[in-house]
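> Test case, fold it:
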Amino acid sequence: MAKDLLWQHGRQYEGALLEPEACDPDPIVEVRRWMQVAVDGGISTPNAMTLATVDERGRPAARIVLLKEIDDRGFVFYTNYDSRKGRDLEVHPFAALVLFWEPLHRQVRIEGAIERVTDAESDAYFASRPRGSQIGAVASPQSMPIPDRALLEKRVAAAEAEFAGAVTRPANWGGYRVVPDGIELWQGQPSRLHDRVRYRRIDGAWTRDRLAP
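Residues are numbered from 1 along each chain as shown. Take a look at the predicted model:
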């Protein structure tokens, strides 16, 4: 059987040089700037990010979720607390995130502790979602085995009947905030000599340095 020559699918990276001294002392400010560049560049779903967690056996798992807010405390996403990611985070309340914007040859890596956002924050975000997404959050036993799609559609119909008006946020659905203690900005460069700026929070203050590619 012929091998898939995946190495042939790479291409040269390029971008403006990235120097630690030119980056904002606060990495969250710098990540906001990078996100705005991605948005202004018309990148499809610029807030899609990989979320990595670890379960009770120490086994990692990763999936794509959507970044919904960047605030001064960290990076917020929403999910079912009973999902696999939610169960992982109950056991090990730490996570890693990766945002990757291929057209810009950029990625952002984030690591830190997890905290739940407040009920008020979760309520406000849930109320802003399309009704179909609200109903889906009520109906789906996320990450649990189901026999077929028909059961899911039946649960959706039941939720539609239950909530003729406004949909109430389920108690087991809400937001998490990754409170970072490490952030890396990665800018691709030719010949794989990429620029990498690492931030670390030490004694409550951010430091930054350069990493070898």
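
> Any regions of the chain where pLDDT drops low?
Counting by pLDDT under 70, the chain shows low-confidence ranges at 1-10.

> Can you show me the strands along it?
Using DSSP state E, the strands of the chain run over 48-54, 60-66, 69-71, 74-80, 94-101, 106-116, 173-187, 195-202, 205-211.

> Which positions within the longest one qualify as buried?
Of the residues in strand 173-187, 173-181, 183-187 count as buried by neighbour count, 16 or more other CB atoms under 10 Å. C-beta coordinates here come from the backbone N, C-alpha and C atoms, glycine included.

> so which of these comes closest to Met49?
The shortest approach to Met49 among the buried residues of strand 173-187 belongs to Val178, at 9.9 Å (CB to CB).

> For beta bridges, what are the partners of the residue nearest the centre of the chain?
Nearest to the geometric centre of the chain sits Met49, at 4.0 Å (CA atoms, centre = their mean). Listed beta-bridge partners, Met49: Val65, Leu99 (assigned using DSSP bridges).

> what sits against it?
For Met49, the contact set (CB atoms under 8 Å, 6 or more residues apart in numbering) comprises 64-67, 77, 97-100.

> cutoff 7 Å now
Contacts for Met49 (CB atoms under 7 Å, 6 or more residues apart in numbering) come out as 64-65, 67, 97-99.

> Produce a ChimeraX select command limited to the buried residues of these.
Command for ChimeraX that selects the buried part of the contacts of Met49, burial taken from 16+ other CB under 10 Å:
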select :65,67,97,98,99
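
> Tabulate the contacts of Met49 in TSV, adding columns for distance to Val197.
Below are these laid out as TSV (distance: CB to CB, whole Å):
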residue	distance to Val197
Ile64	24
Val65	24
Leu67	20
Leu97	16
Val98	15
Leu99	15
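
> Among the contacts of Met49, which one sits closest to Tyr81?
Among the contacts of Met49, and counting by CB to CB, the member closest to Tyr81 is Val65, at 13.6 Å.

> Quickly note the distance from the closest one to Thr50.
8 Å (CB to CB, to the nearest Å).

> Check Met35 too.
For Met35, the distance to Thr50 (CB to CB) stands at 15 Å.
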